[in-house]
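J.: okay, structure incoming, though there's no sequence with it:
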DNA sequence: CTGTTAGCGCTTTCAA
DNA sequence: TTGAAAGCGCTAACAG
């Protein structure tokens, strides 16, 4: 691997001159510039960004630490992050934690050692210590999708509580009373907020006595398990709210195995949808968050924090993006009652 | 940010001693080790991996340059890569090219400057120059999913040709003759191989005169467009092979808009499926490649190339993983004929 | 317009 | 068992 010195020697100039050429900085005569460029081509010289970063203290790399790239919500979000970062001149390191604090901690440690310029974090736990650890290194961090008990931090997320309220209201308007919610882990703010919105909607409609929710996981299996449990009891629901897309798919699958028709026998609705380019006839009524925009907004905020540096005293933001109810067959028509 | 020197000074030792402690290398007395560790905690010292990499010439970072994280095939593959890399002590930088040579070129250039230890590449074009460029920097590269005209390179991919053959044979066995294939871009080996397998199956069954295929894109829109085109002509097919999952979804969607029933009016089959955790009743008959394993195998191969270094003279490998036909409703029962 | 000097934070000699 | 010196490849600051 040729270094800047090799180029300099061969071109008969000082290495700083080569540096000026490759960075287009400072004055270099056309003559020298041409000569240097010729040598660069000849040698196949590639600048070593590591050395540059060691001086400049900037790596132009950010990290996205999140749960699972396999979930459409998160991979679309990841595209939003990457596209935005790319435009701003940053690279992105992706880290899947599978919602485990252990993996999150390990990743954060390595990322800080790697001197990333900033971190986008979907915390595995509402009490995650990561934010303090990151802040201690003066590294900017933006929390995505969930809030945390730590308040002094930027957050970009969808409106889980409002969305759950709308979703529940939609079912109530159709005549449902026995509405059950299968939420995610209680350690995650989206799970909790969806329960809150659901409870509020039930109470506002005088259905407080029908409130029935569970904290499980945001997974297909959790949807299957809780649905089976719901239908093994005496008081069967007429409608199920899946805490996220995977849960809803699990619910549909369990109902199918019980030979129950959706929406005729049971209505099913969901938080987050299955992207329409993956299915030819979208079926699930859902509250849809804008994952791409969440990724985009979070990245823009992170980049601005990085570039403003210490001087920026802008107070921390909690950006809550609006969600949208999309009605499809799975919630069915109005109940006769 | 405290440096190794700050720690050394405060602990009253030389920085090399601190280095030995954090790397667990060389001899350090228990006494000094304890003192150094205490100071590290006190100062919140985090080693700068950049500086270490500058000396060691290893960044423990690899890159995955591919088309689009949003495609389930690729995001599951990406999980295979990340999980495997993580276990081997490597981080992964993800780069989406959207199949454009321009973005691929830019990414490769930056990655080399970043001194990544190796690159996993899904080339946008069968004639991609990237491999030569990467090899020139003595950086190992493993090509994924597709082969390229450049032969001196490691490749890990699924058996597109054999898969397409099986898929076509399946339709022929059901009694179909007018079978049309909507493939991807001709610049991509998987597109070409799927056409080859299809052609071979048709010829082997004496259906050469019915051969009818198109090079489009691996996208929903392409599936819609070519399906519409197919059904605007006089000779309508009785079966459509989607070149990948997106194309098949597009075909299904177009057929639905034409009020044609699948599989009663038209059979539809696909290459790659929609992951079962995203849909509750899998519908598409498909040839399924093992994306996770492809990512895993490719990463293992890359890591071994990195670690063997120059000395390894193992010849380049072309690893072709077997695929599997999964029959579901969309291909229908046997035709009466 | 071009070059010299010094140093980013760490680790590999080599020496004590 | 510990440390001093030198240098990885690059660029800011200053000189000329």
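T.: Yes, it's here. Note that this is a predicted model, so its numbers are computed, not measured. Numbers count the residues shown, from 1 in each chain, chains lettered A, B, ... in the order given.

J.: so stretch A:126-139, near DNA strand C or not?
T.: No. On the criterion Cβ under 7 Å from any atom of the strand, stretch A:126-139 is out of touch with DNA strand C, staying 11.9 Å away. (Glycine included, C-beta is placed from N, CA and C.)

J.: mind listing what's buried in that stretch?
T.: For stretch A:126-139, the buried set under the neighbour-count rule, 16 or more other Cβ atoms under 10 Å in any protein chain shown, comprises A:126, A:128, A:130, A:131, A:133, A:134, A:137, A:139.

J.: residue A:24: neighbour count?
T.: Residues near residue A:24, counting by other Cβ atoms under 10 Å in any protein chain shown, number 8.

J.: what distance do you get for it to DNA strand D?
T.: Here residue A:24 is placed at a distance of 11 Å from DNA strand D (Cβ to the nearest atom of the strand, to the nearest Å).

J.: can you pull the phi/psi pair for that residue?
T.: Here the main-chain torsion angles of residue A:24 (degrees, to the nearest 10) amount to phi 50, psi 40.

J.: so what's it scoring on pLDDT?
T.: Model confidence at residue A:24, expressed as pLDDT, equals 87.

J.: check contacts around the residue lying closest to residue A:199 once chain neighbours are set aside.
T.: Excluding the flanking residues, the one nearest residue A:199 by Cβ to Cβ, 6 or more residues apart in numbering or on different chains is residue A:211, at 5.9 Å. Applying Cβ atoms under 8 Å, 6 or more residues apart in numbering or on different chains, one finds that residue A:211 lies in contact with A:198, A:199, A:202, A:203.

J.: sec struct for the last one, please.
T.: Translated: residue A:203. In three-state terms, and counting by DSSP: H, G, I helix; E, B strand; the rest coil, residue A:203 is helix.

J.: from residue A:326, how far out is the nearest residue to it once chain neighbours are set aside?
T.: For residue A:203, the nearest residue in space outside its immediate sequence neighbours is residue A:211; the separation is 7.7 Å by Cβ to Cβ, 6+ apart. For residue A:211, the distance to residue A:326 under the criterion Cβ to Cβ, to the nearest Å works out to 25 Å.

J.: before we move on, what about residue A:237?
T.: From residue A:237 to residue A:326 the distance is 22 Å (Cβ to Cβ).

J.: and residue A:320, by the same measure?
T.: 19 Å.

J.: cool, and residue A:201?
T.: Plainly put, residue A:201 is 18 Å away from residue A:326 if you go by Cβ to Cβ.

J.: also residue A:24?
T.: The gap separating residue A:24 from residue A:326 is 49 Å, by Cβ to Cβ.

J.: residue A:152 too?
T.: Relative to residue A:326, residue A:152 is positioned 36 Å away (Cβ to Cβ).

J.: likewise for residue A:3?
T.: 57 Å.

J.: repeat that for residue A:77.
T.: To residue A:326, residue A:77 is 18 Å away according to Cβ to Cβ.

J.: more crowded one of those two?
T.: Here residue A:77 and residue A:326 are set side by side on neighbour count (other Cβ under 10 Å), and the busier one is residue A:77, at 29 against 15.

J.: list the contacts for the more buried one?
T.: Contacts were defined as Cβ under 8 Å, 6+ apart; by that measure residue A:77 touches A:66, A:144, A:145, A:291, A:292, A:294, A:295.

J.: in helices only, show me these.
T.: Using DSSP state H, the members of these that fall within helices are A:291, A:292, A:294, A:295.
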